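1. sequence and predicted structure, then a few things I'm wondering about:
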Amino acid sequence: MKDYSEYAELLANVEKPGRYVGGEYASEIPDPAKAGLRVCFCFPDTYEIGMSNLGVKILADCFNKTGFAVCERSYMPWPDMCEQLEKHGVPLYALESGDPLRDFDVAAFTLQYELSYTNVLQMLSLGGIPLTTAERAEGDPVVIAGGPCAYNPEPLADFIDIFSIGEGEESLVELAEYLYECKKKGVSRAETLYGASKLPGFYVPSLYKAEYNADGTLASFAPLREGVPATVVKRVITDLDKVSFPRECAVPFLETVHDRVMLEVFRGCLRGCRFCQAGMIYRPYREKSPETLNADAKAAIAHSGYSEIALTSLSISDYSRLPRLIDDLLEWTDGKMVNLSLPSMRIDSFYEELLKKVSSVRKSGLTFAPEAGTQRLRDVINKNITEEEILLACERSFDGGRTSLKLYFMNGLPTETDDDIKGIAMLAQKIVDLYYSKKRQGGGRGVNVTVSVSCFVPKPFTPFQWVKQDTIEELERKQQLLKEYIRTNKISYKYHDARVSRVEAVFARGDRKLCKALALAHERGMKLDGWDEFFDYDEWMRVFAESGVDPAFYANREFGRDELLPWDFIDIGVTKRFMKDEYARAMNGETTPDCRTECSGCGAAKLGGAHCVCRERSGGNA
Amino acid sequence: MPDVRAYFSKTGRLKYISHLDLQRAIARLLVRSGLPIVYTEGFNPHPRLNIALPLSVYQEGENEAFDFRITRELPPEEIISALNAKMFPGSSISAVEYLNGKNAPKSAVYRLEMETDMEPDGFKRALAGEMKVLKRSKSGEKEVDIAPMIKLISAEKSEGVLTVRAELPAAGGENLNPSYIPAYFGERVKTTRIVREKIIFCK
C-alpha cells in the first residue's frame, strides 16, 4: 500500500489532505498489480460527496467481485489540490494504488447532476486522459459514464466513449467481461467500442449521427454503422433481493455528507410527480424484502461502527412493509445506540406512530415537500397531498414536542401565478398559527418554519420535459414577491440562485451542440460549478455566446410536442405517449393516481418482469 | 466501571487525518470491536472517549493514547485483540492499561527531522539564548520565548538532516506545539518530519 510520501509536498499545501490519501477502514481491494482489468471509479465532485454515494459503492463492489477486475477510486480535487497537481506535474491518481488515471483500462464516471460536467473534463485532463473520444488512441482508458444524467447523454457525447443506461449491477459486469476479452485479444479501440454498442444497455455516442433543422432542433438521429441499435433500452434489476449489496463498505475518516449506513429499500416511485425525473427513470417500482433489508442493515452496522441507518428511497412511506421493517430494525438498533433516519417521508396517517418510534433514539430534523403553495398547482404537478394533510402532520409533530420544521417548494412550475406564490406564504403562516393555537410546553423560543424554494428545471423523461423554464427575471421577481408576502420572523425564507438553475436547464435538455461549450468552459478553467463560490454565470454566458449556443433555446423554449428530442433514442420503459398524456392532464388540472391504487399504463412494467407493483396488483399490462 | 487507556500509532499516511476525524474513527473502532463500551448519556449517545493529546495534521505519533470506559474488567490482551481486529489500516494498538483516577498528559517527547545547513551546536546555541516566536492561543497572538520550554534530549546531524529530540510541555496550562521550533528558524530550516515519540502523563 502506498504511503504517499512522494506526494508529501503536494499534500503539505492543501486543505483537508485526508481527501487524497485513501487508506480508510475496509478500503482494501484485490491487488491492482494482478488485475486483468483495471477500473477507476471517478466521482466528479469532492471526496465528501463521492464517498456518500451508494451507487458508487455498489458498483465498485460489483467490479471487485468479478475476480478479474479491480476497481479503485478517484474524486474531484479541490482547486488547491488541482493547482498542486499541475504545479508539480503530477497526474490525478487513484486513491488505492496512487497510479494516474491514464494507466487504467477503464475510467468510470457517475453523472449525478449537470453542473458536475466540467469536473468530468477536469478530472480527465488532470488524469492525463485525452478529453475526447476522437483524440483517444489505442492504450488510452475507455471512458464510461452512467447515473441519472446519462439519460440525456448528449451534452457529453464528444467526451464519453460508452454510456451505461440504467441500473449497472449486471450490465457493468457484462461490459467488464467484454472489455477484458477485447484487451486479451488485442481488439482495436474502434472495434471494441463498436462491439460495446451492441451490448444491451450501452450507448456509444461516436457511432451515431445527429442532424439538425435550420431552427436548431433535431432533424434526425441514427446509427452510423450496421448493427448499432437505433434504440437503447435501459437496464433494470428485476429481483432486488438477489442483487448484490455491499455490506462491508469503506468507512471514511473525513466527515462525509451521508456519514451513515444507507439502506436502499426500493427502486422507483409510485407517485408520478410530473416534474420529477427520478420518479420516471427509476420505474418500475420494485421493493426489497424486510428480511433482506434487516440482514443487510445488521451486517453493515456491525461492520462499520456507524451510529445511524438511513432508509434511502424516493418516498419511503410508500414501502408496503414499512411498519414491519421499522419494528424489525428497532428490535436491535436501540440497544446498539443506532439511530434510524427516514429522510423522505410522505405525510400520512402512519406518520404519527412512526414518528414516536423513530425518535426513540435520536431526534432528527423534520422536512415536508409540498412543492407548491396551492391545491390547484399541486394538482397540476400531481403532488397528491392536501393542505389538510400537511396541517395535520404539522400539528402532530408540534404536539410531539417539535418546534421547527422545513418545507420545500418550487418556483416557476408550469401554470404558476402570483396567487400560487402567495399560497406558499399563506401555508407557512397557517403552520405558524397552528403552533400558537394552543399552549405548548417549552415554547419559549417559539416556532420556526423554514421555507426553502428551488427553481423548476424541466428534465428529460418527465411529463414536463417540453415545458419552458421561467426566465431569470421572472424567477427572481417571484422570489422577491414571496419575500414580501412573508410577514413574520417565525418563517425563515431561503431560495436557490435562479442563474444556477438556468445553466442546469441548458444542460438537462441539451444536445450535442453543447459539447463545444463544455470544451470551451474547460479551457477557461471552469470547474466545481455546483459550488456557489465557483459558479460564474457571466462566464457561462460568455462561453455559450462564443461557442454559438443560445441558452434560451434549451432552457426557455417550449419544446414542440412532436419535436424529435435529443434523448428520444433511449427507452426507459415509460413511453413518450404516457408523458404527453400526463402533460395534457396537468394542463387540465387533472391528477393521476399512484401505481398502487391504479395502474396508469406508463409502460415501465415491461422492464420489471413480475416485480412491478401494478403487475402484482392486477396483472395489468402497460 | 473501569477506564482503559489504549496506545496506538498514527504514522505514515495517517498524519493527514485531522484530530476530529481521528476521534470519529476511534469511536467507530470502539463500536466495531464489540467490547462492552460505555456510552455518554443524553440525546446523542456516543462512546465515552478521550484522546489524550491532539496531534496536529502533518505530525506523526508513535505512541498516542486514547481513553475509554468499559462496563466490566477484561484481560488486557483480550481488549488489544478485539481492537486490532477492527483497526483502520496503518495503525495498531500496542498496549492497554487500566487507569487509576485522572491521568492527564504533562509533556511529550518529539523528534524533529529538519533539512538545514545548521549544525547541532548551532541549534544548542540558539536554545541557550532567547527564541522569540509569535504564539497563537485562544486569547490571540503574543510573542513568547520558547527556549525555556524546550528540554533537549539530543541533536544529531546526518546527510544534511538535523534530528532533534526534545521534551515539550503538553499540559493544559503550558504547552508547546513542536512546529514553533522550525518556524523560529524560518527559511533556514525545512521540516521534513515531526514525530511524537511518546506522551508523558502525570503520575
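-> Good, I have the coordinates.
2. next one: the most far-flung residue of chain B relative to its centre from chain A, what distance?
-> In chain B, the greatest distance from the average C-alpha position (C-alpha atoms, centre = their mean) is reached by B:Phe43, at 30.7 Å. To chain A, B:Phe43 is 6 Å away according to C-beta to the nearest C-beta, to the nearest Å. (Glycine included, C-beta is placed from N, CA and C.)
3. do B:Val161 as well
-> B:Val161 sits 15 Å away from chain A, going by C-beta to the nearest C-beta.
4. name whatever forms a beta bridge with that residue.
-> Per DSSP bridges, the residues bridged to B:Val161 are B:Glu115, B:Ser158.
5. quick one: it from B:Thr191, how far?
-> Between B:Val161 and B:Thr191 the computed distance is 10 Å (C-beta to C-beta, to the nearest Å).
6. show me which of these two is the more surrounded one.
-> Here B:Val161 and B:Thr191 are set side by side on neighbour count (other C-beta atoms under 10 Å in any protein chain shown), and the busier one is B:Thr191, at 19 against 15.
7. list the contacts for the more buried one?
-> Applying C-beta atoms under 8 Å, 6 or more residues apart in numbering or on different chains to B:Thr191 gives the contacts B:112-115, B:179, B:182.
8. part of a strand, is it?
-> Yes: B:Thr191 forms part of a strand when assessed by DSSP: H, G, I helix; E, B strand; the rest coil.
9. state the pLDDT value of it.
-> With respect to pLDDT, B:Thr191 scores 82.
10. how deep is residue 63 tucked in, by neighbour count?
-> Defaulting to chain A. A:Phe63 is flanked by 26 other residues according to other C-beta under 10 Å.
11. hmm, I had chain B in mind actually
-> Neighbours of B:Asn63 under the rule other C-beta under 10 Å: 16.
12. assign a three-state SS to it, would you?
-> Three-state assignment for B:Asn63 (three-state DSSP): strand.
13. do the same with A:Met526
-> Under three-state DSSP, the three-state class of A:Met526 is coil.
14. can you name every helix or strand that the helix or strand A:Leu434 falls within contacts?
-> Here A:Leu434 is covered by helix A:418-436, with elements defined by DSSP states H and E. On a contact count with 3 or more C-beta pairs under 8 Å, 6 or more residues apart in numbering or on different chains; DSSP states H and E, helix A:418-436 meets helix A:375-380, helix A:387-399, strand A:404-411, strand A:448-455, helix A:472-485, strand A:491-495.
15. which outside residues touch that helix?
-> Taking contacts as C-beta under 8 Å, 6+ apart, the residues outside helix A:418-436 that touch it are A:370, A:372-374, A:376-377, A:387, A:390-391, A:394-395, A:398, A:403, A:405, A:407, A:409, A:411, A:413, A:443, A:446-447, A:449, A:451, A:453, A:478, A:481-482, A:485-488, A:490-491.
16. next one: stretch A:52-71
-> A:29-32, A:34-41, A:43, A:50, A:73, A:108, A:110, A:112, A:147, A:168-169, A:172-173, A:176-177, A:180, A:244-246, A:249-250, A:256-259, A:262, A:264, A:312.
17. now the end-to-end length of that stretch.
-> The first and final residues of stretch A:52-71 sit 17 Å from each other (C-alpha to C-alpha, to the nearest Å).
18. may I see the buried residues of that stretch?
-> When burial is assessed from 16 or more other C-beta atoms under 10 Å in any protein chain shown, stretch A:52-71 yields the following buried residues: A:52-64, A:66, A:69-71.
19. one more: stretch A:411-424?
-> Of the residues in stretch A:411-424, those buried under the neighbour-count criterion (16+ other C-beta under 10 Å) are A:411-414, A:416, A:420-424.
20. so which of the contacts of stretch A:52-71 sit within strands?
-> Restricting the contacts of stretch A:52-71 to those inside strands, with DSSP state E as the criterion, leaves A:37-41, A:43, A:73, A:108, A:110, A:262.
21. how much space between the residue nearest the centre of chain B and B:Ile153?
-> Centre of chain B computed as the mean C-alpha position; nearest residue by C-alpha atoms, centre = their mean is B:Leu55, 4.7 Å away. For B:Leu55, the distance to B:Ile153 equals 19 Å [C-beta to C-beta].
22. isn't A:Asn285 right up against A:Leu270?
-> Asn isn't right for residue A:285; it's Tyr. Yes: because the distance of 5.5 Å satisfies C-beta atoms under 8 Å, A:Tyr285 is recorded as touching A:Leu270.
23. give me the more crowded residue out of these two.
-> Comparing A:Tyr285 with A:Leu270 by other C-beta under 10 Å, the one with more neighbours is A:Tyr285, at 27 against 21.
24. which of the helices and strands in chain B ranks last by mean pLDDT?
-> Ranked by mean pLDDT, DSSP states H and E, the weakest helix or strand in chain B is strand B:132-137, scoring a mean of 88.
25. close to chain A: what parts of chain B are there?
-> Along chain B, the residues adjacent to chain A under the rule C-beta under 8 Å from any C-beta of the partner chain are B:12-14, B:16-18, B:20-22, B:24-25, B:27-32, B:39, B:43-46, B:57-58, B:86-90.
26. give me the buried entries from the residues you listed.
-> When the residues of chain B next to chain A are checked for burial by 16+ other C-beta under 10 Å, the buried set is B:12-14, B:16-18, B:21-22, B:24-25, B:27-32, B:39, B:45-46, B:57, B:86-90.
27. so which of the contacts of stretch A:52-71 sit within helices?
-> A:50, A:168-169, A:172-173, A:176-177, A:180 (DSSP state H).
28. which one among these gets closest to A:Leu329?
-> Using C-beta to C-beta, the shortest approach to A:Leu329 within the ones in helices among the contacts of stretch A:52-71 belongs to A:Glu169, at 23.9 Å.
29. helices and strands around the longest helix along chain B, which ones?
-> Scanning chain B for the helix with the most residues, using DSSP H, yields helix B:19-33. When contacts are defined as 3+ C-beta pairs under 8 Å, 6+ apart, helix B:19-33 sits against helix A:290-304, strand B:49-51, helix B:76-85.
30. so what's the residue count around A:Thr292?
-> For A:Thr292, the tally of surrounding residues (other C-beta under 10 Å) stands at 17.
31. with B:Pro169 instead?
-> Residue neighbour count, defined by other C-beta under 10 Å, stands at 17 for B:Pro169.
32. shouldn't it be within a strand?
-> Yes: B:Pro169 sits within a strand when classified using three-state DSSP.
33. select only the buried ones of the contacts of B:Thr191 in ChimeraX?
-> Here is the ChimeraX selection string for the buried members of these, based on 16+ other C-beta under 10 Å:
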select /B:112,114,115,179,182
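34. now A:Cys182: how far from chain B?
-> When distances are taken as C-beta to the nearest C-beta, A:Cys182 and chain B turn out to be 34 Å apart.
35. off-centre distance for whichever strand or helix holds that residue?
-> Here A:Cys182, judged by DSSP H and E, is contained in helix A:168-185. Between the centre of helix A:168-185 and the centre of its host chain there is 25 Å, according to C-alpha atoms, centre = their mean, to the nearest Å.
36. by contact count, what packs against it?
-> Taking 3+ C-beta pairs under 8 Å, 6+ apart as the contact definition, the neighbouring helices and strands of helix A:168-185 are strand A:37-43, helix A:54-64, strand A:106-110, strand A:142-146, strand A:162-164, helix A:189-197.
37. how is the chain partitioned into domains?
-> You didn't pick a chain, so chain A it is. The record assigns chain A these domain ranges, following automatic domain parsing: A:5-233, A:260-364+A:592-622, A:365-513+A:549-570.
38. please refer instead to chain B.
-> As given by automatic domain parsing, the domain ranges for chain B are B:3-98, B:105-201.
39. distance between the longest one and the chain's centre?
-> Using C-alpha atoms, centre = their mean, we find the averaged C-alpha position of domain B:105-201 to lie 14 Å away from the chain's own average C-alpha position.
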